[in-house]
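Colleague: Here is a sequence with its predicted model. Questions after.
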Amino acid sequence: MSELKKSTRTSFAEALVEIGEKNPDIVTIAADSASRYGDFIKKFPERSFNVGIAEQTMVGVAAGMALCGKVPVVTSYANFLVFRAAEQIRVDIAGNKLNVKLIGTDTGFSAAWLGFTHLALEDIAVIRAIPGIVIIDPADAAETYSATKAIFDYNGPVYMRLRGRKEEPLIFNEEVNFEIGKGQILKEGKDALIVACGGAVYDCLKAAEILQSKNIYTTVVNMATIRPLDENLLRDLTSFIDNIITVEHHNIIGGLGSAVAEFLTEKKPGVKHLRIGVKNRFGTAGSEDMLKREFGIDSESIAKTIENFLKKQ
């Protein structure tokens, strides 16, 4: 891991400008907060639109533009995008398999003091219930940059999660070779398999270091694509590791943990599975570090939970 820090929102905006320079069909639509697009709106004002605080309208306009051959990008706070415009995402975008990129920001605990209304802890569950939408939750800013480029090489609807403005530690030092539907092994160990996504990946790597100091050796996988899930990688790893732990900054119902549990139930029923995440409750206001401790998803809590889980096996 690098000592450098950068926000996922910044990397997304930088990659979008680069892609926009090469593809004149890319257009952006904002629901009041156009700052998430960075310099794109300055460089391409004729391809930048703002419908005001109206997420349903934003998604509907995107659908119309996609039907006209454009490649629309929409973004807002994840909760406002996913919950307010759920019907438009389902009917207009997914129902017509339109090439629209849905970018939900301030996910997990990154909305911090904005509290319950803004903490996006159920958004993956909503999108997973809608057929045909790729779901991506990048681990850091470097992966976000590469994932942003990858989603424009894919022809179809994508939902990608970003965090807030806060700069976060970089896990990857260089541009990541990101591929939709492929997980990535970041650390290898024989005692347990940790599968994480988004901001939880960094915490899991730190937890793995704590566990290693106690002679517990874990494999850590960055599962940035939640749909399609990398079942081949899971199948390979669970052929010799019997204990799997999923970790996410999201409710354990409907998120990464549920996706992995569904796979294990059908394909690997003998594997023991522990889901670490938000346990069927809403978020609250607080600093990101405070909230992660409160919900037991900071690195120390993850390590302790995994240690106790393995002791019971």
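Modeller: Now that the structure is in, tell me what you want to look at. Numbering: from 1, shown residues only.
Colleague: Quick one: low-confidence residue ranges for the chain.
Modeller: Low-confidence segments of the chain, defined by pLDDT under 70, span residues 1-2.
Colleague: and the longest helix for it?
Modeller: Of all the segments of type helix in the chain, defined by DSSP state H, the longest one is helix 8-22.
Colleague: quick check: angle from the next helix or strand after it to helix 8-22?
Modeller: Remark: after helix 8-22, the chain's next helix or strand is strand 26-30, criterion DSSP states H and E. Put simply, strand 26-30 runs at 140 degrees to helix 8-22, going by axes from the mean of the first three to the mean of the last three Cα atoms, to 10 degrees.
Colleague: Pull the residues that contact strand 26-30.
Modeller: For strand 26-30, contacts defined as Cβ atoms under 8 Å, 6 or more residues apart in numbering pick out 16, 19-20, 34, 36-37, 40-41, 44, 47-51, 58, 61-62, 65, 70-76, 152. Using the backbone N, CA and C atoms, a C-beta is placed for each residue, glycine as well.
Colleague: Could you rerun that using 6 Å?
Modeller: Counting by Cβ atoms under 6 Å, 6 or more residues apart in numbering, the neighbours of strand 26-30 from elsewhere in the structure are 20, 37, 40, 47-50, 58, 61-62, 65, 70-74.
Colleague: Mind checking which of the residues you listed are buried?
Modeller: Buried members of the contacts of strand 26-30, scored by 16 or more other Cβ atoms under 10 Å, are 20, 37, 40, 47-50, 58, 61-62, 65, 70-74.
Colleague: which ones are touching the spatially most central residue of the chain?
Modeller: With the centre of the chain defined as its mean C-alpha position, the nearest residue by Cα atoms, centre = their mean is residue 137, 1.7 Å away. With contacts defined as Cβ under 6 Å, 6+ apart, the neighbours of residue 137 are 161, 197, 198, 224.
Colleague: Which positions in stretch 139-151 come out as buried?
Modeller: Across stretch 139-151, burial judged by 16+ other Cβ under 10 Å covers 139, 140, 141, 142, 143, 144, 145, 146, 147, 148, 150, 151.
Colleague: Mind picking the two most distant members of these?
Modeller: Between any two of those, the greatest separation by Cβ to Cβ is 16.5 Å, found for 140 and 151.
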